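Participant: for reference, the sequence and a predicted model appear below.
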Amino acid sequence: MNTAVDVADVSKRFRLYHEKKQSLKERVLRAGHNPYDDFWALHGITFEVVEGETIGILGRNGSGKSTLLKCISGILQPTEGRVMVRGQLAALLELGAGFQPELSGRDNIYLNASLLGLSTKEVDRRFDEIVAFAELEQFIDNQVKYYSSGMYVRLGFAVAVNVDPDVLVVDEVLAVGDENFQRKCLARIKEFQDDGRTILFVTHSAEMVRQICDRAVVLDKGKVLTVAPAGEAIHRYHELLVT
């Protein structure tokens, strides 16, 4: 089968600058030293996802899950290594990411869908379905800065799944939605699976991984502990939680 996502030896470094005020003595002592510390959020991450596969990303808080998805989505560039994605990718990552708060929900649909490659005519054709899926008919002409976190998630997911991406990337923002909307999202994800699309998502729910994932990647401190079938990866994840 063809590879949909190829993550090859990816590492990501952030520079943490020293922001606190320093005395003259401290500045003299630190003269010639870097004004920052290097923090490596990812270390040599390597795995492949084949077309039509659903992959879960598991790990404790701070393990690098969200940074990895941002590298895969092209929001961040790896410091080392490379990421290859075959086909169109749609991502639902940080809450409100990609939305312009001063614009209405209507305008944000057109803006986000156009950034994902849809023409205005295509958005016109899908607009009602996007709004209905998001359950925002009464609020679609309000500025999104007045939306609740749940409304943000509903709108973001509705746009992402209605641009018909080849690869769908979802961070754990779905946990913000209510149970009914989560069930709705899972039903749409299963439709994507039936259509042979590729899905990567971060979750803290081992049960969700067990239900819908073919395999899972377990991260710890920015490194891959295992890439394995869902059941085996969940077992490794549970071992990690008790260490």
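Facilitator: Thanks, I have the structure now.
Participant: where in this protein is the helix or strand with the lowest mean pLDDT?
Facilitator: For the chain, counting by mean pLDDT, DSSP states H and E, helix 24-29 ranks last in confidence among helices and strands (a mean of 61).
Participant: that one: what's the following helix or strand?
Facilitator: strand 36-50 (DSSP states H and E).
Participant: residues touching the helix or strand residue 183 falls within, excluding its own?
Facilitator: Using DSSP H and E, residue 183 falls within helix 179-194. For helix 179-194, contacts defined as CB atoms under 8 Å, 6 or more residues apart in numbering pick out 52, 54, 133, 135, 150, 153-154, 157, 161, 168, 174-175, 177, 199, 208, 211-212. (Each C-beta comes from the backbone N, C-alpha and C, glycine too.)
Participant: rerun at 7 Å
Facilitator: Applying CB atoms under 7 Å, 6 or more residues apart in numbering, the contact partners of helix 179-194 are 54, 154, 157, 161, 168, 174, 199, 212.
Participant: cool, and stretch 131-142?
Facilitator: 104, 105, 106, 151, 154, 155, 158, 162.
Participant: any idea how far it is from the chain center?
Facilitator: Mean-position distance between stretch 131-142 and its chain equals 23 Å (CA atoms, centre = their mean, to the nearest Å).
Participant: hang on, isn't residue 220 packed against residue 63?
Facilitator: Yes. Using CB atoms under 7 Å, residue 220 is in contact with residue 63, at 5.4 Å.
Participant: between those two, which one's more packed in?
Facilitator: The neighbour comparison of residue 220 against residue 63 (other CB atoms under 10 Å) goes to residue 63, with 22 against 18.
Participant: tell me the secondary structure for that one?
Facilitator: Secondary structure, DSSP: H, G, I helix; E, B strand; the rest coil: residue 63 is coil.
Participant: quick one on the thing from earlier: give me the next element, helix or strand, following the helix holding residue 183.
Facilitator: strand 198-202.
Participant: one step back: flag every buried residue along the helix holding residue 183.
Facilitator: The neighbour-count check on helix 179-194 (16 or more other CB atoms under 10 Å) flags 181, 182, 184, 185, 188, 189, 192, 193 as buried.
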